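**Student:** how would this look folded up:
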Amino acid sequence: MEKRALGTPDLFVWLPVLGLLEGAFVCTTILQSTPVALGLIGVAVLLVLADSWLNR
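**Tutor:** Below you'll find the predicted structure:
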C-alpha cells in the first residue's frame, strides 16, 4: 500500500490557525496592511500543511 502525501490535520492545529486568521483580519481592517495579512494567512496555510505532512 502506498502512503498518502498528506494526512488529516490534528484538531489542535486549528487553534493557532484561527489566531493567525484573526490577526490577519485585524491587520486588514484596522491597520490597512494587506501584505502583513497575506503573510499571516500564508503562515497559517503552511502550519496546516506541515501538520498534515507530519500526520501522513
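
**Student:** top helix in this protein by residue count?
**Tutor:** Using DSSP state H, we find that the single longest helix of the chain is helix 34-54.

**Student:** buried ones in it?
**Tutor:** Buried residues in helix 34-54, counted by 16 or more other CB atoms under 10 Å: 37, 40-41, 44, 47-48, 51-52. (C-beta placed from N, C-alpha, C; glycine too.)

**Student:** Contacts for it, please.
**Tutor:** Here helix 34-54 makes contact (CB atoms under 8 Å, 6 or more residues apart in numbering) with 5-10, 13, 16-17, 20-21, 23-25, 27-28.

**Student:** who wins for neighbours among those?
**Tutor:** Ala24 (21 neighbours; other CB atoms under 10 Å).

**Student:** and that residue, what helix or strand is that in?
**Tutor:** With elements taken from DSSP states H and E, the one containing Ala24 is helix 14-29.

**Student:** Can I get the buried residues of helix 34-54 in CSV including pLDDT?
**Tutor:** Converted to CSV, the buried residues of helix 34-54 look like this (pLDDT from 0 to 100):
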residue, pLDDT
Ala37, 94
Leu40, 95
Ile41, 96
Ala44, 96
Leu47, 96
Val48, 95
Asp51, 94
Ser52, 93
